[in-house]
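Enquirer: Next comes the sequence, and after it the predicted model I'd like to discuss.
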Amino acid sequence: MQVFNRAPRTRTRKRDLLRQEAEIANRSPAGSRCHTFQQAAYAKGLHVDVVIANQGEVARLLDMSECMAAMRDVLAGLTRGECQLPLRQILWLPDRVGALGMMPSCWSKVDLIGLKAVSFFPGNEGTELDTHQGVVLLYDAKRGRLVAIIDGTAITAIRTAAVSGVATELLAREDAHTLALIGSGVQAHQHLKAMLIARPIQSVRVASKSMARAQAFVKKESTRHSLDFIAVATVREAVDGADIVCTVTSSSQPVLSGDWISPGTHINAVGSSVSVARELDAEAVRRSRLFVDRMESALNEAGDFLLAKEEGVVGDDHILGELGALIAGNVVGRRADDDITLFKSVGLAVEDLAAARVVYTKAKETGSCLQMPLGGKRDATD
């Protein structure tokens, strides 16, 4: 009978690991101090492996349909009282050239704590940089260990569109097939993906700040999808007769008038997440059956609604419910084919948490992302 001695193998693995670390340190003089610290952490057993997923890895691991399923799950949990999340804190820079938003949350179902720190610089639109850049940190809710550092730009882009996709499944007419995209940036591309999952889209109209941007969007997406794409010069042209409208701009002033909206349209208003900016005028809000991702957030942050309320056009009771309540069947969404329905998105920290959890889980399963040893364990001799 062959006998296996496990202890020496374990010591051998540890020696091999330390040897590999030393070799990396020797090849990289600039990082030798860091690697020396990592070796000491490994030797003392003080390290905690943290998954690190960059923008490309998030895009690869977070499929839109899978993200939509995660959003349905967490939004239902939010309405059931399973989530904790304070209103986001926003630090505005002088002259409001940019801002830093901080969004913590906890979802009892998954034993994770999330924190998204994201910058918003609207002047980046049209440049090589996204308007939103940030990171999502995941912590173990049982002992507070940092377990993942995940690119927040990609998380924000995908989960925002995924929530709109869920809203469209819940509120748009079943036969909706004409989509109007108001805006041509990152969110326009992601919303196209979500709308194709939510409804049988056949034609897409795109309006942007300039015809050149709209045409560039159409040219790019035409190579990916066999749909009838058209770039139009005005928002009014885009929404005339459209079944689904997604406003995904960085505008602080209304770009969509209620007078232009056809009966039966479903609208996802996404671009504004602060109380002083809006994409829809008051008439568009008044004409719509309005639903939100979270009531408290909408009453404090949804400029499209708050500014219409300030003008005396609607009151708080105009908000008919949260998406989670629609998922649970606690409120009525669309009542008739000619209803105009509106989902006002402000974006929630628990949505980032749920999306980041998908990335973290898949990264751990596949071993496809960098795992960095960071501090977290205490040296018993200290």
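Expert: Received it, and whenever you're ready, just let me know what you need.

Enquirer: any idea which element the nearest residue to residue 152 once chain neighbours are set aside lies in?
Expert: Excluding the flanking residues, the one nearest residue 152 by C-beta to C-beta, 6 or more residues apart in numbering is residue 134, at 3.2 Å. For the C-beta atoms, the positions are set from N, CA and C on the backbone; glycine is no exception. Under the criterion of DSSP states H and E, residue 134 resides in strand 132-140.

Enquirer: Spatially nearest residue to residue 363, not counting backbone neighbours?
Expert: Ranked by C-beta to C-beta, 6+ apart and with sequence neighbours excluded, the top spatial neighbour of residue 363 is residue 369, at 4.0 Å.

Enquirer: I'd say the one you found and residue 53 touch.
Expert: Yes. Counting by C-beta atoms under 8 Å, residue 369 touches residue 53, with 4.7 Å between them.

Enquirer: quick one: the strands in the stretch 201-350 of the chain?
Expert: Secondary structure of the stretch 201-350 of the chain, counting by DSSP state E, counting those that start in this stretch: strands at 203-207, 228-231, 244-247, 266-269, 289-292, 319-322, 341-344.

Enquirer: for the first one, which positions count as buried?
Expert: Read it as strand 203-207. Across strand 203-207, burial judged by 16 or more other C-beta atoms under 10 Å covers 204, 205, 206, 207.

Enquirer: ok now it, how far from the chain's centre?
Expert: Relative to its chain's centre, strand 203-207 lies at 23 Å (C-alpha atoms, centre = their mean, to the nearest Å).

Enquirer: Mind listing residues that contact that strand?
Expert: 177-184, 188, 192, 214, 217-218, 221, 227-235, 237-239, 242 (C-beta atoms under 8 Å, 6 or more residues apart in numbering).

Enquirer: Quick one: mean pLDDT over it.
Expert: Taken as a whole, strand 203-207 has a mean pLDDT of 98.

Enquirer: Can you tell me the strand partners of it and which way each runs?
Expert: Here strand 203-207 is paired, per DSSP bridges, with strand 178-182 (parallel), strand 228-231 (parallel).

Enquirer: could you dump that strand to CSV, C-alpha only?
Expert: Presented in CSV, the C-alpha positions along strand 203-207 are these (Å, rounded to 0.1, in the frame of the first residue of the first chain):
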residue,chain,number,x,y,z
SER,A,203,-35.5,49.2,-35.9
VAL,A,204,-33.4,51.7,-34.0
ARG,A,205,-33.4,55.5,-34.4
VAL,A,206,-30.5,57.4,-32.9
ALA,A,207,-30.4,61.1,-32.0
